[in-house]
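Participant: dropping a prediction and its sequence here:
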Amino acid sequence: AQKITQTQPGMFVQEKEAVTLDCTYDTSDPSYGLFWYKQPSSGEMIFLIYQGSYDQQNATEGRYSLNFQKARKSANLVISASQLGDSAMYFCAMILWGAQKLVFGQGTRLTINP
Amino acid sequence: DAGVTQSPTHLIKTRGQQVTLRCSPISGHKSVSWYQQVLGQGPQFIFQYYEKEERGRGNFPDRFSARQFPNYSSELNVNALLLGDSALYLCASSLASGYTDTQYFGPGTRLTVL
C-alpha cells in the first residue's frame, strides 16, 4: 500500500527566507508520481510541482523546487524567498502507475511572518 | 482558460437527505476525480471517471455514487446523509487517468450535515 508522511504539522518562517517542507513516501511500486499542492484558507487545492519516479532531474517551477531523493524515499518541497502569500496548508501526494487515486499526507501548515 | 468549476459552493443538509454535487472539468480534460476532505485531514479519494467510465473507487459506502456525462462534467451523489459526511468535497480534472497526469482541483463544495 502507498503512504505519504508529512512530519511537520506547522512551520513558522520569516519573510524572504527559504523553507523546506518534508515529505516521505512508502511504496514498492517502481512507477509513481509525486505532487505538491497548496491549500489556502479558501479551500482550493493549487498544484505546485510534479516529480516522476523516473525523472533524473529534480523538478523546479519558479520559486518551488522538489528535492527528490529516491533511495531515501523523500520528496521535500523547497520554497525560495518566501512571501506572505505563501502562508497556507501544503500537501504532498503520490499516485501509482495503474492506480487512479492521489494519496495525500496530513499536510503542513506554513506561516510566513513579516 | 477556465479552471475546474464546482457547484454549489456551500450546502447545508439534514441527516437522511440526499445531495448532488456538480463539477465541470478544464476544457479538453477527460478525467474527473472526486475527493472528500474532512477538517484537519488530507483529501481522501472517492471516485475517478475517465471517458464516462468508472476507473477507480475509494473506500466509501454505496451511499456514494457518481457519473460522468458526454461533455465530461460529473456529478457526485450522496444518499442517506450522515453527520460524518460533513466535509469539503473536491473535484479534480486531468487530461487522462495516468500517474503522470496532473490533477487540477476546483474550489470545492463545503457540505454541512445537521
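Facilitator: Structure's in. What do you need? Residues are numbered from 1 along each chain as shown, chains lettered A, B, ... in the order given.
Participant: residues of chain A that sit close to chain B?
Facilitator: With the criterion set to Cβ under 8 Å from any Cβ of the partner chain, chain A comes near chain B through A:4, A:31-33, A:35, A:37, A:42-47, A:50, A:52, A:91, A:93, A:95-107. Every C-beta, even on glycine, is put in place using the N, C-alpha and C of the backbone.
Participant: and stretch A:44-60, C-alpha only, in PDB?
Facilitator: What follows is stretch A:44-60, C-alpha atoms only, in PDB (Å, rounded to 0.1, in the frame of the first residue of the first chain):
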ATOM      1  CA  GLU A  44      -8.900  25.200  -3.300                       C
ATOM      2  CA  MET A  45      -6.000  22.900  -3.900                       C
ATOM      3  CA  ILE A  46      -3.500  24.600  -6.100                       C
ATOM      4  CA  PHE A  47      -1.000  22.400  -8.000                       C
ATOM      5  CA  LEU A  48       2.600  23.500  -7.400                       C
ATOM      6  CA  ILE A  49       5.000  20.900  -8.700                       C
ATOM      7  CA  TYR A  50       5.300  17.300 -10.000                       C
ATOM      8  CA  GLN A  51       8.100  14.700 -10.000                       C
ATOM      9  CA  GLY A  52       8.000  11.400 -11.800                       C
ATOM     10  CA  SER A  53       9.800   8.400 -10.300                       C
ATOM     11  CA  TYR A  54      12.000   8.000 -13.500                       C
ATOM     12  CA  ASP A  55      12.900  11.700 -13.700                       C
ATOM     13  CA  GLN A  56      16.600  12.200 -13.400                       C
ATOM     14  CA  GLN A  57      16.500  15.900 -12.600                       C
ATOM     15  CA  ASN A  58      14.800  17.500  -9.600                       C
ATOM     16  CA  ALA A  59      11.700  19.400 -10.700                       C
ATOM     17  CA  THR A  60      11.600  23.200 -10.500                       C
END
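Participant: can you give me the buried ones in that stretch?
Facilitator: Within stretch A:44-60, the residues that count as buried by 16 or more other Cβ atoms under 10 Å in any protein chain shown are A:Glu44, A:Met45, A:Phe47, A:Leu48, A:Ile49, A:Tyr50, A:Gln51, A:Ser53, A:Ala59.
Participant: cool, stretch B:105-113 as well?
Facilitator: In terms of neighbour count (16+ other Cβ under 10 Å), stretch B:105-113 has its buried residues at B:Phe105, B:Gly106, B:Pro107, B:Gly108, B:Thr109, B:Arg110, B:Leu111, B:Val113.
Participant: and the nearest residue to the third one once chain neighbours are set aside, what does it touch?
Facilitator: On the basis of Cβ to Cβ, 6 or more residues apart in numbering or on different chains, the spatially nearest residue to B:Pro107 that is not a chain neighbour turns out to be A:Glu44, at 4.6 Å. Residues touching A:Glu44, when contacts are defined by Cβ atoms under 8 Å, 6 or more residues apart in numbering or on different chains, comprise B:Phe105, B:Gly106, B:Pro107, B:Gly108.
Participant: tell me which of the residues you listed fall in strands.
Facilitator: B:Phe105 (DSSP state E).
Participant: now the contacts of A:Glu44 as JSON lines including pLDDT?
Facilitator: Formatted as JSON lines, the contacts of A:Glu44 follow (pLDDT from 0 to 100):
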{"residue": "B:Phe105", "pLDDT": "97"}
{"residue": "B:Gly106", "pLDDT": "96"}
{"residue": "B:Pro107", "pLDDT": "95"}
{"residue": "B:Gly108", "pLDDT": "96"}
